[in-house]
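A.B. asks: Fold the following, please.
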Amino acid sequence: MSTTETSPQDPQAPTVEVLTARDVPLGGPRAMTVRRTLPHGNRRMIGAWCFVDHYGPDDVARTGGMDVAPHPHTGLQTVSWLFTGEIEHRDSLGVHAFVRPGELNLMTSGHGICHSEVSTPATTVLHGVQLWVALPDEHRDTARDFHHHVPEPRTLDGGQARVFLGTLAGHTSPVPTFTPLLGAELLLDPHATLTLTVDPAFEHGVLVDHGEARLAGTDLHPGDLGYLAPGATTLTLTNSTGSPTRLVLLGGTPFEEQIVMWWNFIGRTHDDILRAREQWQAAADRFGAVQGYPGDRLPAPELPGIPLKARGRTR
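C.D. replies: Presented below is the predicted three-dimensional model:
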């Protein structure tokens, strides 16, 4: 479901499209449940951001936490960002790393990679976001890669920011991207209004993790993703409550290519996806292998009985 609103207090304020999440099981029979806002029925992408999963706070003693067996990716980057807990990452590039709160782990699949994600035994509460970035056609067969970055918290007038990708409020992440992107965690102080200078060429999305926020005069509630089209030079966020509000801000220039996104693959045609699926099922060298995971790989689901169609950033 989505709604489009203009602030009644300011008719000149930018129009905000509010995207609501749907619950999705992640990772097989013992799956944890995540809230997915992208791709959405009305909007598939924000910049090159094509996938937004939001999960927790999850009581690991009750739910079992995260245990996603080795699975493949093509044509995208995964961006892992935690608020609480810890996840052990292993991939076929040979990277063995840990995802921790306030630390960016970005994995580039390019032509093909596989990885596993498991919450660690010390984790009691798991809470974070898992994001995907679509690679442009000229780079979608690039080599596997991995980046780890710990952005410093930056104090702003009315809150705090951790910029993990791109540039915001004079702070720039050193992690390279294949298209212009922005990714940041924002904390809004109680009863504070925060105005940020943004690139007018970007479209933006604001995901509410906890608390309440007003974006350009439109109220957003926990789990909502507020969308703003390109054109704005500033972005104004207000917390009218007496408690801090945490947000994830995403942005980028509109991604004008059409893509096919199915399971864990991004391609341009049905045949791209069919080929990737066949190669994963055959344990082809394209994806490599994860070392150290105590279990089997995830098998690919069956393809639908009709050809997959390439789609643009909106339906």
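A.B. asks: Please enumerate the strands of the stretch 151-300 of the chain.
C.D. replies: According to DSSP state E, counting those that start in this stretch, the stretch 151-300 of the chain carries its strands in the segments 154-156, 159-165, 167-168, 171-172, 181-188, 193-197, 203-210, 213-215, 218-220, 225-228, 234-238, 245-252, 260-262, 265-267.
A.B. asks: what's the spacing between Glu88 and Thr233?
C.D. replies: Glu88 sits at a distance of 42 Å from Thr233 (criterion: Cβ to Cβ, to the nearest Å). Using the backbone N, CA and C atoms, a C-beta is placed for each residue, glycine as well.
A.B. asks: Looking only at neighbour counts, state which of the two leads.
C.D. replies: Each of Glu88 and Thr233 has its neighbours counted (other Cβ atoms under 10 Å); Glu88 has more, 18 against 8.
A.B. asks: Would you mind identifying the next helix or strand past the host helix or strand of the more buried one?
C.D. replies: Assessed by DSSP states H and E, Glu88 sits inside strand 87-91. Counting by DSSP H and E, the next helix or strand C-terminal to strand 87-91 is strand 96-99.
A.B. asks: Which strands or helices does that next one pack on?
C.D. replies: On a contact count with 3 or more Cβ pairs under 8 Å, 6 or more residues apart in numbering; DSSP states H and E, strand 96-99 meets strand 76-84, strand 87-91.
A.B. asks: Of all these, which one comes closest to Leu194?
C.D. replies: strand 76-84 (18.8 Å; Cβ to Cβ).
A.B. asks: gap between that closest one and the chain center?
C.D. replies: In terms of Cα atoms, centre = their mean, to the nearest Å, the centre of strand 76-84 is set 6 Å apart from its chain centre.
A.B. asks: so what does it touch, helix or strand wise?
C.D. replies: For strand 76-84, the packing partners by 3+ Cβ pairs under 8 Å, 6+ apart are strand 49-59, strand 96-99, strand 104-108, strand 125-134, strand 159-165, strand 181-188.
A.B. asks: now what about it, what contacts it?
C.D. replies: 50-51, 56-57, 87, 89, 99-109, 115, 117, 125-135, 164-165, 177-178, 183, 185, 209, 246, 248, 266 (Cβ atoms under 8 Å, 6 or more residues apart in numbering).
A.B. asks: Weed out the non-buried ones from the residues you listed.
C.D. replies: Taking 16 or more other Cβ atoms under 10 Å as the criterion, what is buried in the contacts of strand 76-84 is 50-51, 56, 87, 89, 99-100, 103-109, 115, 117, 126-135, 164-165, 177-178, 183, 185, 209, 246, 248, 266.
A.B. asks: Just the pLDDT for the residue nearest to Leu38 when sequence neighbours are not counted.
C.D. replies: Distances taken as Cβ to Cβ, 6 or more residues apart in numbering put Val52 closest to Leu38, at 4.1 Å, once the chain neighbours are dropped. pLDDT for Val52: 97.
A.B. asks: now Arg30
C.D. replies: Looking at Arg30, its pLDDT is 51.
A.B. asks: what do you get for Gly65?
C.D. replies: 89.
A.B. asks: so it makes contact with Met32?
C.D. replies: Yes: between Gly65 and Met32 there is a contact under Cβ atoms under 8 Å: 6.8 Å.
A.B. asks: quick one: which of those two has more around it?
C.D. replies: Taking other Cβ under 10 Å, Gly65 and Met32 do not tie; Gly65 has more neighbours (22 against 19).
A.B. asks: For the more buried one, list the residues it contacts.
C.D. replies: By Cβ under 8 Å, 6+ apart, the contact list for Gly65 reads 32, 58, 85, 118-119, 123, 126.
A.B. asks: again, but for Leu228
C.D. replies: Counted by Cβ under 8 Å, 6+ apart, Leu228 has contacts 14-17, 203-206, 215-216, 235.
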